[in-house]
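[1] Sequence and predicted structure below; questions after.
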Amino acid sequence: GAVVSQHPSRVICKSGTSVKIECRSLDFQATTMFWYRQFPKKSLMLMATSNEGSKATYEQGVEKDKFLINHASLTLSTLTVTSAHPEDSSFYICSAASGSRTEAFFGQGTRLTVV
Amino acid sequence: GENVEQHPSTLSVQEGDSAVIKCTYSDSASNYFPWYKQELGKGPQLIIDIRSNVGEKKDQRIAVTLNKTAKHFSLHITETQPEDSAVYFCAALLNFNKFYFGSGTKLNVKP
């Protein structure tokens, strides 16, 4: 399968600071990238969908000003958690899909801890 | 939208036995059904998928079946091994590139 690299795998930050998570498709052009949040022992919750070069589409209940998503190229999307609070602590996962394929491939995930 | 239900939530089998996980979906327009395996602290890994024009697909010990009429699909793992222990998620693709996930099944294969 295709390779999606997510960085960092773990990050600890202080309350009030911002954290950026990167998602890269290494061997294909990702026209669409998805950002998910996963709580312990729960399924993946879609936060937003981003298409290269356009604004992200956020799911209901997800604050777009808090979770900034940028998809400036066909191989890179970033999620920035702004003014992070302890309740933002979670496992964030990206996935990438190419317009010519239906499969979506996931990154390794980022464990965010806000202290 | 789509609603994907997955059962069971936990499944414990003896090594060598078979495991079956079932999912149902609500929107008949869904046309692609992947299965993912997620190990602790890692992202989901695509293990097998099936498209709506196919009824069954097999890859070594893993198989997926799809019943479009009943709107359900299943994952079958034969000759289970301890390394198959993980959380498995089903998903359905509705519209273009919007995936809906099941709630997950924690599979425990006992040696």
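    Yep, it's here. Numbering: from 1, shown residues only, chains lettered A, B, ... in the order given.
[2] what are the ranges of the strands in chain B?
    B:4-7, B:10-14, B:19-25, B:32-38, B:45-51, B:56-59, B:62-67, B:72-77, B:86-94, B:98-101, B:105-110 (DSSP state E).
[3] If you average pLDDT over each of the ones you listed, which is lowest?
    Of all the strands of chain B, mean pLDDT reaches its minimum on strand B:98-101 (a mean of 88).
[4] returning to what we had before: is it possible to get TSV of the strands of chain B that adds mean neighbour count and distance to chain A?
    (Each C-beta comes from the backbone N, C-alpha and C, glycine too.) Formatted as TSV, the strands of chain B follow (neighbours: other Cβ atoms under 10 Å in any protein chain shown; distance: least, Cβ to the nearest Cβ, whole Å):
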stretch	mean neighbour count	distance to chain A
strand B:4-7	17	8
strand B:10-14	13	10
strand B:19-25	20	12
strand B:32-38	23	5
strand B:45-51	17	6
strand B:56-59	12	12
strand B:62-67	18	14
strand B:72-77	21	15
strand B:86-94	23	6
strand B:98-101	21	5
strand B:105-110	17	8
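[5] For residue A:49, which of the ones you listed is the nearest?
    The closest of the strands of chain B to residue A:49 is strand B:98-101. By Cβ to Cβ, the value is 6.9 Å.
[6] and that closest one, what does it pack onto?
    Strand B:98-101 is packed against strand A:44-51, strand B:86-94, with contacts defined by 3 or more Cβ pairs under 8 Å, 6 or more residues apart in numbering or on different chains; DSSP states H and E.
[7] how about the helix or strand containing residue A:71: buried residues?
    Element membership for residue A:71, per DSSP states H and E: strand A:67-73. Buried residues in strand A:67-73, counted by 16 or more other Cβ atoms under 10 Å in any protein chain shown: A:67, A:68, A:69, A:71.
[8] my guess is the last one meets residue A:49, correct?
    Right, residue A:71. No: Residue A:71 lies out of contact with residue A:49 (Cβ atoms under 8 Å); the separation is 9.4 Å.
[9] Show me the common contact partners of the two, please.
    Residues touching both residue A:71 and residue A:49 (Cβ atoms under 8 Å, 6 or more residues apart in numbering or on different chains): A:33, A:56.
[10] pLDDT value on residue B:96, please?
    Value listed for residue B:96 in the pLDDT field: 64.
[11] now residue A:28
    87.
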